[in-house]
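Engineer: Predicted model, plus sequence, below.
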Amino acid sequence: MTTDDLEQVLSEAFAGVFGRPIDLSMDVSRESWSEWDSLKHVELVFAIEAACALELDEATIASINSVDDLRQVLSARLAA
């Protein structure tokens with residue numbers, strides 16, 4: 001998966017879960033964005049897992065707190 005493909009997956013997942021396009025170039029994190037609550041976090045992970053045909057373990061899911069964390073996790077998992 002290319003970087004562009006990854007950004008497309010993230011963009012579509014965030015838009016689907018939050019109901020509108022999200023500017024992922026901003027510093028979007030669970031701490032700085034109140035809409036990204038625990039339920040939305042799970043929905044977002046499910047959407048990304050389905051789009052990428054992978055499954056993340058509980059520790060990895062719990063470690064994701066920002067868009068940058070998602071990029072790092074997915075880049076590592078999809079490169080393997």
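Structural biologist: Right, received. Where do you want to start?
Engineer: switch to C-alpha atoms for all contacts and neighbour counts from now on
Structural biologist: Will do.
Engineer: can you give me the helices for the protein?
Structural biologist: Counting by DSSP state H, the segments of the chain that form helices are 3-18, 38-52, 58-63, 67-79.
Engineer: can you put those in CSV and add mean pLDDT, distance to R30 and mean neighbour count?
Structural biologist: Putting the helices of the chain into CSV (pLDDT from 0 to 100; distance: least, C-alpha to C-alpha, whole Å; neighbours: other C-alpha atoms under 10 Å) gives the following:
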stretch, mean pLDDT, distance to R30, mean neighbour count
helix 3-18, 94, 13, 16
helix 38-52, 97, 8, 16
helix 58-63, 97, 11, 11
helix 67-79, 92, 9, 15
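Engineer: Which among those is found nearest to D27?
Structural biologist: Judged by C-alpha to C-alpha, the one of the helices of the chain that comes nearest to D27 is helix 67-79, at 7.4 Å.
Engineer: give the contact list for Q72.
Structural biologist: Q72 makes no contacts at all, as judged by C-alpha atoms under 8 Å, 6 or more residues apart in numbering.
Engineer: ok, it to E35 distance?
Structural biologist: Computed with C-alpha to C-alpha, to the nearest Å, the distance linking Q72 and E35 is 22 Å.
Engineer: For the residue positioned nearest the centre of the chain, give its distance to G16.
Structural biologist: Centroid check for the chain by C-alpha atoms, centre = their mean gives L70 as the closest residue, at 4.7 Å. As for L70, its distance to G16 is 16 Å (criterion: C-alpha to C-alpha).
Engineer: And the contacts of stretch 39-59?
Structural biologist: Applying C-alpha under 8 Å, 6+ apart, the contact partners of stretch 39-59 are 9-10, 13-14, 17-18, 61.
Engineer: Could you list everything S66 pairs with in the sheet?
Structural biologist: According to DSSP bridges, the partner residues bridging S66 are S29.
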